[in-house]
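Colleague: no sequence on this one, just coordinates:
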């Protein structure tokens, strides 16, 4: 009888353990990922600094974690990147040879685990246009038209239908000319940015990406609403937001500051959540 009581005692112990919630341990769920791609904006660069932890990708990641607690941020962006260097490499170092190759490799190695992909690329293709170099700007626009759809298509092919994909329109650093006394250049800069944003929107929508309206968040077209802002006095809202949310008015540097990146993150969050 003593020999038979041991299995019975073990069975009773197991039942008690399970009833008290001490059942077999379960492995933690594997992490999911937010893959952030693009140029200096994607790594949160600010005036006089390289990558920071205050970029729109960082703010967006923090917001998304509220509903996706296991979500990890993977930044592959590269300051100064153009669509050409994103495809071919040449600025930042990647084991796969280029940022696009690295992104495709990551997506293929984590099937079904990448929940979000954001992309901000192309500004460096056409930056010379805002400096008045029309020939350079038109050449850069042509390259953007040819290469951006390639980038988007390769990301979608590698990631499939699981991720939410989003890219962004751009704000207009050229509006800062207003506070330097050159209102004509500020006004003329808006249709140039509109043309750039039209390319961004078309490539994104054709490729199945959502579009974060960063240009809208910065009120790019709003010359009619005025605000008072030291030390500039009364200025249009679109100019004020460039001065408040980037370093263009103070340092001649179009990178967003921490508040600007928060506003950009908000634009992305509205379309990916």
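Modeller: Looks like it came in fine. This structure is a prediction, so every number in the text was calculated from the model and none was measured.

Colleague: contact partners of the strand or helix carrying residue 197?
Modeller: Per DSSP states H and E: residue 197 is located in helix 183-206. Here helix 183-206 makes contact (Cβ atoms under 8 Å, 6 or more residues apart in numbering) with 122-123, 126, 129-130, 137, 141, 144-145, 148-149, 152, 166-172, 174-178, 209-211, 215, 220-221, 223, 238-239. In short, each C-beta sits where N, CA and C put it, glycine included.

Colleague: Could you tell me which of those residues count as buried?
Modeller: Burial by neighbour count, judged by 16 or more other Cβ atoms under 10 Å, picks out 122-123, 126, 129-130, 137, 141, 144, 148-149, 152, 166-172, 174-178, 209-211, 215, 220-221, 223, 238-239 from those.

Colleague: Can you name every helix or strand that the lengthiest helix in the chain contacts?
Modeller: Using DSSP state H, we find that the single longest helix of the chain is helix 134-159. Packing contacts for helix 134-159, counted by 3 or more Cβ pairs under 8 Å, 6 or more residues apart in numbering; DSSP states H and E, involve helix 83-88, helix 99-109, strand 114-120, helix 123-130, strand 164-168, helix 183-206.

Colleague: Quick one: mean pLDDT over that helix.
Modeller: Helix 134-159 carries an average pLDDT of 88.

Colleague: got the angle between it and helix 99-109?
Modeller: On the basis of axes from the mean of the first three to the mean of the last three Cα atoms, to 10 degrees, helix 134-159 is oriented at 10 degrees to helix 99-109.

Colleague: tell me the phi and psi of the closest residue to residue 121 other than its chain neighbours?
Modeller: Excluding its sequence neighbours, the residue lying closest to residue 121 (Cβ to Cβ, 6 or more residues apart in numbering) is residue 38, at 4.6 Å. Note on residue 38: its backbone torsions stand at phi 140, psi -150 [degrees, to the nearest 10].

Colleague: With residue 160 instead?
Modeller: Phi and psi for residue 160, reported as degrees, to the nearest 10, are phi 70, psi -150.

Colleague: That one reaches residue 108, doesn't it?
Modeller: No: using Cβ atoms under 8 Å, residue 160 is not in contact with residue 108, being 9.7 Å away.

Colleague: Please identify every residue contacting each of those two.
Modeller: By Cβ under 8 Å, 6+ apart, no residue touches both residue 160 and residue 108.

Colleague: what bits of this structure have low per-residue confidence?
Modeller: 1-28, 128-138 (pLDDT under 70).

Colleague: Swap in 80 and give it another go.
Modeller: Applying pLDDT under 80 to the chain picks out residues 1-29, 127-140.

Colleague: contacting residues around the residue nearest to residue 121?
Modeller: Residues in contact with residue 38, defined by Cβ under 8 Å, 6+ apart, are 77, 78, 81, 86, 118, 119, 120, 121.

Colleague: Neighbour count for the residues you listed - can I get that in JSON lines?
Modeller: Output for the contacts of residue 38, formatted as JSON lines (neighbours: other Cβ atoms under 10 Å):
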{"residue": "77", "neighbour count": "25"}
{"residue": "78", "neighbour count": "27"}
{"residue": "81", "neighbour count": "31"}
{"residue": "86", "neighbour count": "31"}
{"residue": "118", "neighbour count": "30"}
{"residue": "119", "neighbour count": "28"}
{"residue": "120", "neighbour count": "28"}
{"residue": "121", "neighbour count": "28"}
